[in-house]
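Colleague: Give me a model of this one.
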Amino acid sequence: MTRILGLSGSLRSGSYNTALLRAAAGLVPAGAKLDIATLHGIPLYDGDDEARTGIPPAVQQLKERIVASDALLLVTPEYNNGVPGVLKNGIDWLSRPPADIARVFGNRPVAVIGASPGGFGTILAQNAWLPVLRTLGTRPWFGGRLMVSRAGQVFDEAGTLADEKVKAQLQQFLRGFVDFLQSGR
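Modeller: Below is the predicted model:
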């Protein structure tokens, strides 16, 4: 069984990105499982706090969930044409101490998707993640892109993915990512 850990870059309960991640968990192809992780409980990164008290338990637990997974799916909002601070902060904590970077991220397959209420989806945020993923030594999957635009029209009031075209695109994206993982490329 291929295990993917999905991480939403939003803390908001009504987040379109968290809704997209929940939809992905229900659409992942046979032979794979997508578990959902959260950034709730991860404090703002402060090197002084790290030196005083070490890695916070929420960060350590998330690290171990990533290590136990075969791949990572980042579901990123786009704030002010860039990456969201909450998700970047989480990734920054996950890269501490630097000696853990290879264990947590090294050669780990990563895919990035996102949803936005705007008309351009999350193209700028997804592109902005590439230097970070490269620096961490991940193996980004470039076989597909999924940028859900006008998300308010794609999800219903309960946060369920209601647009069949987007659902098919998400399913195709996940199939491609899982094929990539299972082929070992």
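Colleague: how about the residue in the chain sticking out farthest from the centre, phi and psi?
Modeller: Within the chain, R52 marks the point farthest from the mean C-alpha position, 29.2 Å out by C-alpha atoms, centre = their mean. When read as degrees, to the nearest 10, the backbone of R52 gives phi -80, psi -50.
Colleague: Next, find the distance separating it from V154.
Modeller: Noted for R52: a distance of 44 Å to V154, by C-beta to C-beta, to the nearest Å. C-beta: built from backbone N, CA, C; applies to glycine.
Colleague: G114 too?
Modeller: 12 Å.
Colleague: Identify each of the strands in this protein and give its residue range.
Modeller: Under the criterion DSSP state E, the chain contains strands at 2-8, 32-37, 71-75, 109-115, 139-140, 146-148.
Colleague: who does the shortest one pair up with?
Modeller: Each strand paired with strand 139-140, and its direction, by DSSP bridges: strand 109-115 (parallel).
Colleague: do the same with the second one
Modeller: Each strand that strand 32-37 pairs with, and the sense of that pairing, follows from DSSP bridges: strand 2-8 (parallel).
Colleague: Work out the gap between the strand it pairs with and the centre of the chain.
Modeller: 7 Å (C-alpha atoms, centre = their mean, to the nearest Å).
Colleague: Let me see the contact set for the residue nearest to the spatial centre of the chain.
Modeller: The residue lying closest to the centre of the chain (C-alpha atoms, centre = their mean) is L74, at 1.2 Å. Counting by C-beta atoms under 8 Å, 6 or more residues apart in numbering, L74 makes contact with L7, G9, L87, V110, A111, V112, I113, W129.
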